[in-house]
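**Q** Task: produce atomic coordinates for the following.
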Amino acid sequence: MPMTIERKGADRRKYLRVDAPYVLRCERAIDTNLPDSVVESVTKNVSASGVVFESRVPFNKGDSLRIILNLPGLDGNSERLCLRCVVARVEMLDDWSYDIAVAFTGTDGGIRWKLMKHFYDQNNGEK
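**A** Numbers count the residues shown, from 1 in each chain. Reported below is the predicted structural model:
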């Protein structure tokens, strides 16, 4: 899968951001029993510290979420990462969709390393 790696606002970003479409499933960390509490989407960009995805659900800044991120492998298999995160930014795109930026919380160095290694391997065609 081709991906674009670019430094956006590199002076304030700790981790490289990758423009790549990874499938994700997102739900509120606190069960609200709302019919719109689960979202399936595709990432717009991802880094070792968070993701941006489009949603028809207008989550609020500060909402705690759980995300399952599917990382495709070069061998055709995918790895699922379960991540806790908090909504850092919500941008209305039109009347029915929003860009949701989330920051991973409680993520240890091993998960961040796995994400960075995945980006490197995908970009360099390594397994």
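**Q** Grab the nearest non-local neighbour of the residue nearest the centre of the chain.
**A** With distances taken as Cα atoms, centre = their mean, the residue of the chain nearest its centroid is residue 51 (2.9 Å). In this structure, residue 51 finds its nearest non-sequential neighbour in residue 43, 4.9 Å apart by Cβ to Cβ, 6 or more residues apart in numbering. From N, CA and C alone the C-beta is placed, and that goes for glycine too.
**Q** Now do the same contact list for that neighbour.
**A** 20-22, 24, 51-53, 69 (Cβ atoms under 8 Å, 6 or more residues apart in numbering).
**Q** try it again with 6 Å
**A** Listed by Cβ atoms under 6 Å, 6 or more residues apart in numbering, the contact set of residue 43 reads 22, 24, 51, 53.
**Q** With just CA atoms, put the helix or strand containing the residue nearest to the centre of the chain into CSV.
**A** Element membership for residue 51, per DSSP states H and E: strand 50-55. Taking Å, rounded to 0.1, in the frame of the first residue of the first chain, the C-alpha atoms of strand 50-55 are listed here in CSV:
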residue,chain,number,x,y,z
GLY,A,50,-2.5,9.6,17.5
VAL,A,51,-4.7,9.5,14.4
VAL,A,52,-7.1,11.6,12.4
PHE,A,53,-10.2,10.0,10.9
GLU,A,54,-13.5,11.2,9.4
SER,A,55,-16.7,10.5,11.4
